[in-house]
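S.K.: any chance you can model this:
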Amino acid sequence: MKHLTTASEASNPKSRWVTRVLYAGVTGVLAAGCVETVQGQGTTDVATADLSQDGGAEPSEDTEEAGRDDVASDTDVWVEDGDSVTPPPLGPQTLAAPGACCLGLSPWRAVFRDAEGIAWTDGDAVRRPSEPLADASEPTLAGDTIVVVRGVTPDRTLWLVDPRTGSATEWAIGATDPHHVTADGDRVVWVEGTGVEADLWTARLVLDESPTRLTADDAEQAWPHVSAQRVVWTDLRNDPDKRMLGTAEDPFATSNNNADVYAMDLGGEVEQLTDDPAKQARPAVNGQLVAWLDWRGISPEPKFARFAVWARLGSGPAVELGESSWERPALWQRPAVSADAVFWVRETSAGAALQRQTLDGAVNPLAVGSAPSEAAVAVASGLVAWVTGPSIEVLPLTP
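M.R.: You can find the predicted model right below:
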C-alpha cells in the first residue's frame, strides 16, 4: 500500500537539471537537457494535490485554447553547465523497423520498439540504448526524454532513456507495476494495478515531486492519453464486472465489456464523454478534440474484427468518422489527433491506408501500404508517422 502525502509534503517543485526551458510555441513539447534518476517522496492523492497549474516552465498563453500542431522556431534548452542543446529536427523518412509497435513522435524524433528492441531517430539516423534493454516496452516521449516500461507484471518499473547518450536510469518514484504509459511535455501518466484495482497516476518528469493518484475506485481504468492538462482514458465503472473481460491477446473477446471514455483536466472534475452500452476505448486527445475506437452498432455481436472511429470536439456531439476492421486486436490502436483532425489506419484490400479526417466528414488520404504489425499512428508539429509493413514512414502533415 502506498503512503499518501499531503499537498504540502509534495510541494517542492525544483527543476534540478533543466534550468531554463523554452516551450515550442503552443506544442508544450519539453526537451530535457539531462537525465538522472528522480528520487520520489511517496505519493500524493488527487484530492489534496494542486494539479491545475503546471509549475516550472510555462507554456504560452495560447496553449489552453489552441491545438498543438504549430511549433515556434525557438526550441533551445539550457542546462546547468551552460551548454546549449538543440535536437536536430525530424524530417520525412522511411525507417526499416520489422515488427514495429509503440510509435511515438515529436518535432525532433520518432521513438518505437521493433524486433531488436527500443529505438529512436537522431536526424536521419536510428539509435538504440547504450546497453541492451531486452525487457523494455511502451516507449513514449516526455519532451526529449524517452520513458519506457521494464520488466513483466507484477514487477514492472519506469526507466528514462537519454536519446543523446543512450544511457538508461530507473525513474525511482515508487510506481507499482506501471503500464499503459503516456506523456506530453514533462507530464507522464500511467496505470498501476490490474482489473478493478487499475487506477491512473501521474508525475512530472523534471520536478522532484511525488506521484499523484488520479482515480481511486473499484473499476478498471486503462489506455490513458494526455495532452497538456487534459487526460482521457478507458473506464469500466459502468460495466457490471467493473473490469475488462478477455485476455491480453484478445481484450474484447466478450460482449460484456461496457467500456466508456472519460476525461479530466488535471486538478478538475472527472467527465464522462461516452455513455453507449457498447464499448468505447483507446481514446486520444489534443486540446478539446478527442477521438476513440467504438463498437456501437457493430452487429451481430460479438464481431470484434470490425470497429468504428468516433470523435468529439469540446462539448459538441460525438461524430462517427468511419468504420474498418482488423482481425488481430493488436491492430486496434488508438487514432492520433491534431488540433482539428483525426489520423487513423484503415484496412484495405491491398493492406492498409493512412488517412486524415475532420469532423465535417472530409477525408484526405495520406498514404497506402502493406498490413502493419501494429496499426500505430502518431502526429506532431507538421509530421505524421505510421507503421506500414516492416517499416515506419514519417510524412509531412497534409492540411
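S.K.: and the strands in the stretch 51-200 of the chain, which stretches?
M.R.: For the stretch 51-200 of the chain, the strands defined by DSSP state E, counting those that start in this stretch cover 77-79, 84-85, 93-96, 101-105, 110-114, 117-122, 125-127, 136-142, 145-150, 157-161, 168-170, 178-184, 187-192, 199-204.
S.K.: what is the rounded mean pLDDT of the fourth one?
M.R.: Mean pLDDT, strand 101-105: 94.
S.K.: strand 110-114 and that strand, what's the angle between them?
M.R.: In terms of direction (axes from the mean of the first three to the mean of the last three Cα atoms, to 10 degrees), strand 101-105 departs from strand 110-114 by 170 degrees.
S.K.: restricting to C-alpha, output strand 101-105 in CSV.
M.R.: The C-alpha trace of strand 101-105 is given here as CSV (Å, rounded to 0.1, in the frame of the first residue of the first chain):
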residue,chain,number,x,y,z
CYS,A,101,5.0,-1.0,-32.4
CYS,A,102,4.5,1.6,-29.7
LEU,A,103,5.2,4.5,-32.0
GLY,A,104,5.8,8.0,-30.6
LEU,A,105,6.6,11.3,-32.3
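S.K.: tell me what that strand is packed against?
M.R.: strand 110-114, strand 136-142, strand 377-380, strand 383-388 (3 or more Cβ pairs under 8 Å, 6 or more residues apart in numbering; DSSP states H and E). Just so you know, the C-beta spots here come from the backbone N, C-alpha and C atoms, and that holds for glycine as well.
S.K.: relative to E327, how far out is G104?
M.R.: According to Cβ to Cβ, to the nearest Å, G104 and E327 sit 25 Å apart.
S.K.: these two: which is more packed in?
M.R.: Taking other Cβ atoms under 10 Å, G104 and E327 do not tie; G104 has more neighbours (23 against 10).
S.K.: that older thread, tell me which of the strands of the stretch 51-200 of the chain sits nearest to W223.
M.R.: Among the strands of the stretch 51-200 of the chain, strand 178-184 comes nearest to W223, with 5.6 Å by Cβ to Cβ.
S.K.: and the angle for the closest one with strand 199-204?
M.R.: Going by the same axes, to 10 degrees, strand 178-184 makes 40 degrees with strand 199-204.
S.K.: ok, residues contacting strand 178-184?
M.R.: Residues from elsewhere that reach strand 178-184, judged by Cβ atoms under 8 Å, 6 or more residues apart in numbering: 28-29, 138, 140-143, 147, 149, 153, 156-158, 188-192, 201, 205, 222-228.
S.K.: show the buried residues in those residues.
M.R.: Using 16 or more other Cβ atoms under 10 Å as the burial test, those include 28-29, 138, 140-143, 147, 149, 156-158, 188-192, 201, 205, 222-228 as buried.
S.K.: so where is the stretch 251-399 of the chain shaky, pLDDT-wise?
M.R.: Low-confidence segments of the stretch 251-399 of the chain (pLDDT under 70): 251-256, 299-304, 398-399.
S.K.: all helices for the protein, in order.
M.R.: Using DSSP state H, the helices of the chain run over 7-10.
S.K.: taking the centroid of it, which residue is nearest it?
M.R.: Closest to where the C-alpha atoms of the chain average out (Cα atoms, centre = their mean) is T182, at 3.4 Å.
S.K.: what's the pLDDT at that one?
M.R.: At T182, the pLDDT value in this model is 98.
S.K.: for R346, see how far away it is.
M.R.: Distance of T182 to R346, computed by Cβ to Cβ: 24 Å.
S.K.: same thing with A96?
M.R.: Between A96 and R346 the distance is 24 Å, computed by Cβ to Cβ.
S.K.: have a look at those two and say which one is more surrounded.
M.R.: Taking other Cβ under 10 Å, A96 and R346 do not tie; R346 has more neighbours (19 against 10).
S.K.: for that one, which non-adjacent residue is spatially closest?
M.R.: Excluding the flanking residues, the one nearest R346 by Cβ to Cβ, 6 or more residues apart in numbering is S324, at 4.5 Å.
S.K.: cool, and V337?
M.R.: N286 (4.0 Å).
S.K.: what about the one you found, neighbour count?
M.R.: Residues lying near N286 (other Cβ under 10 Å) number 25.
S.K.: same deal with A134?
M.R.: A134 has 9 neighbours, counted by other Cβ under 10 Å.
S.K.: before we move on, what about S315?
M.R.: Neighbours of S315 (other Cβ under 10 Å): 8.
S.K.: cool, E170 as well?
M.R.: Neighbour count of E170, defined by other Cβ under 10 Å: 12.
S.K.: ok, now which ones touch it?
M.R.: For E170, the contact set (Cβ under 8 Å, 6+ apart) comprises 37, 150, 157-160.
S.K.: let's have the residues you listed in CSV, adding pLDDT and distance to V232.
M.R.: Shown next, in CSV, are these (pLDDT from 0 to 100; distance: Cβ to Cβ, whole Å):
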residue, pLDDT, distance to V232
T37, 28, 29
R150, 97, 26
T157, 96, 25
L158, 96, 21
W159, 97, 25
L160, 97, 24
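S.K.: leaving out chain neighbours, which residue sits closest to L366?
M.R.: Counting by Cβ to Cβ, 6+ apart, the nearest residue to L366 once its immediate chain neighbours are dropped is L354, at 4.6 Å.
S.K.: bridging residues for that neighbour?
M.R.: Judged by DSSP bridges, the bridge partners of L354 are V345, A367.
S.K.: hang on, isn't it packed against G369?
M.R.: Yes: L354 lies in contact with G369 (Cβ atoms under 8 Å); the separation is 7.5 Å.
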